[in-house]
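A.B. asks: Give me coordinates for this.
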Amino acid sequence: MNPADPSAHLFVWKHPTSGLRPLSRSEVIKCIALLTTAHNLPNFKGHSLRIRGTLHYLLWGIPFDIVKTMGRWAGDSFMIYL
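C.D. replies: Next up, the predicted model:
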């Protein structure tokens, strides 16, 4: 992504024609796809990033209930990935 002004919100980017825009989920996934393709890596989709993030926090010892809240998991379905 291209850099925004240092005083701008953390999750914005500078659009070439419409100024600062909030960083959306689709833009992040598109950027990740471009990077993984450019470096010949497997393409990560949004769901796999969410699961990997969950695993990251669990491996760091964050309690299940906190990880569940952070990941917006409605039930205990995230536990099947462990």
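A.B. asks: just checking, Phe64 touches Leu55?
C.D. replies: No - using CB atoms under 8 Å, Phe64 is not in contact with Leu55; the gap is 12.0 Å. C-beta: built from backbone N, CA, C; applies to glycine.
A.B. asks: what residues does stretch 45-53 touch?
C.D. replies: For stretch 45-53, the external contacting residues (CB atoms under 8 Å, 6 or more residues apart in numbering) are Arg25, Ile29, Ile32, Phe44, Gly71, Phe78, Tyr81.
A.B. asks: just checking, the second one is part of a strand?
C.D. replies: In other words, Ile29. No - going by DSSP: H, G, I helix; E, B strand; the rest coil, the assignment for Ile29 is helix, not a strand.
A.B. asks: For it, grab the count of nearby residues.
C.D. replies: 15 (other CB atoms under 10 Å).
A.B. asks: Against Thr37, how distant is Met79?
C.D. replies: 32 Å (CB to CB, to the nearest Å).
A.B. asks: Would you map the strands across this structure?
C.D. replies: All strands of the chain, identified by DSSP state E, fall at 12-15, 19-22.
A.B. asks: hey, least reliable of these by pLDDT?
C.D. replies: Lowest mean pLDDT within the strands of the chain: strand 12-15, at a mean of 76.
A.B. asks: Buried residues in that one, which are they?
C.D. replies: Under the neighbour-count criterion of 16 or more other CB atoms under 10 Å, strand 12-15 has Trp13 buried.
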